[in-house]
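Visitor: following is a predicted model, sequence given first.
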Amino acid sequence: MNDMDVIILCGGKGSRLSEETIIKPKPMVEIGSMPILWHIMKIYSHYGYKRFILALGYKADYIKQYFYNMRITSSDFSLSLDPEKAPVFFNRPIDKEWEITFVDTGLETLKGGRIKRLEKYIKSDRFHLTYGDGVSDIDISKLVDFHNSHNVMGTVTAVHPPSRFGEMIIEDTEVTEFDEKPQMNSGYINGGFFIFDKKMLSYLNEGEDCDFEFGPLQEIVKNNQLRAFKHNGFWQPMDNIRERNYLDNLVNTQKAPWIKWKK
């Protein structure tokens with residue numbers, strides 16, 4: 001197991017997914033029968049990173065209970081009604097090597113405050129950090145190598161934003177290409193999948209109003225302490241039902257580019 005913690009921000013309310021998030025937190029919305037949070041964790045786990053710290057907020061109990069019960073719900077077992085006898089499990093629970101720390105960082109806390117409130121649980125000098133609502137076919141090993149190749153505090157994965165409405169290539173009046181969900185070719189945006197040295201935490205405070213992208217991250221950039229790892233492959237957030245359905249369909253048709261652990 002690689003010795004870097006993986007912090008995942010799981011505290012938002014996901015108001016644009018209210019059809020789902022009225023009963024569950026956004027990271028627990030399912031694509032292909034498993035929460036998107038599980039998919040994100042599998043991306044890191046595939047590359048050997050299996051120690052996770054989840055920054056919880058909205059409906060924190062839902063996430064805690066899901067993983068607390070996962071050993072039972074993912075296994076066949078025999079149960080004696082004698083309370084002094086432990087259940088007997090017949091198969092190996094999935095992802096049994098994962099170590100997950102659950103931290104309730106407050107209902108209204110902004111991202112910077114959430115990250116700072118995790119500080120005492122971070123064991124590694126460097127850590128991964130990402131959002132709990134986006135997947136990618138990023139090569140985490142190459143991301144780590146890139147971070148190690150420069151002597152600055154942080155790395156952000158730069159991605160091309162996906163078109164929210166699809167794209168048609170038209171020559172004269174003839175449609176020559178129709179792409180339902182293309183990656184746009186121009187420009188980069190923040191795609192998450194960060195790596196930071198622990199000293200970046202000095203830019204944050206535990207206040208509810210401590211943001212991450214606005215303020216601290218801008219200050220880190222001003223101090224020339226952030227580099228961009230350019231990822232030109234698949235990246236997709238899940239901000240609304242249409243995008244949830246798109247990701248769900250990719251999984252169900254076995255066309256999900258980020259699922260490398262089955263290959």
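Guide: On my side now, so go ahead.
Visitor: nearest residue to Lys24 in space, please, no chain neighbours.
Guide: Of all residues not flanking Lys24 in the chain, Tyr62 sits nearest, at 5.3 Å (Cβ to Cβ, 6 or more residues apart in numbering). Every residue, glycine included, has its C-beta placed from N, CA and C.
Visitor: which residues does the residue nearest the centre of the chain contact?
Guide: Geometric centre of the chain, nearest residue: Gly132, 3.7 Å, by Cα atoms, centre = their mean. Going by Cβ atoms under 8 Å, 6 or more residues apart in numbering, Gly132 touches Ile8, Leu9, Cys10, Gly12, Lys26, Pro27, Ile36, Leu37, Ile40, Leu54.
Visitor: in space, what's closest to it - neighbours in sequence excluded?
Guide: Pro27 (3.6 Å).
Visitor: pretty sure the one you found sits against Ile36.
Guide: Yes - Pro27 is in contact with Ile36 according to Cβ atoms under 8 Å; the separation is 6.0 Å.
Visitor: these two: which has the busier surroundings?
Guide: Pro27 (30 against 24; other Cβ atoms under 10 Å).
Visitor: what about the more buried one, distance to Lys59?
Guide: Look at Pro27 and Lys59: by Cβ to Cβ, to the nearest Å, they are 10 Å apart.
Visitor: which parts of the stretch 51-200 of the chain are helices?
Guide: 60-68, 70-73, 111-116, 140-148 (DSSP state H, counting those that start in this stretch).
Visitor: winner for burial among the ones you listed?
Guide: helix 111-116 (a mean of 24; mean count of other Cβ atoms under 10 Å).
Visitor: what touches both of Pro27 and Lys59?
Guide: Counting by Cβ under 8 Å, 6+ apart, nothing touches both Pro27 and Lys59.
Visitor: what about Tyr246, neighbour count?
Guide: With other Cβ under 10 Å as criterion, Tyr246 counts 16.
Visitor: can you check the one 3 residues further on too?
Guide: Residue neighbour count, defined by other Cβ under 10 Å, stands at 15 for Asn249.
Visitor: let me see the contact set for it.
Guide: Contacts of Asn249 (Cβ under 8 Å, 6+ apart): none.
Visitor: now do Thr155: how many residues are near it, please.
Guide: With other Cβ under 10 Å as criterion, Thr155 counts 24.
Visitor: check what pLDDT it gets.
Guide: The model reports Thr155 with a pLDDT of 95.
Visitor: can you check the one 5 residues further on too?
Guide: According to the predicted model, the pLDDT of His160 comes to 86.
Visitor: same deal with the one 4 residues further on?
Guide: Arg164 carries a pLDDT value of 62.
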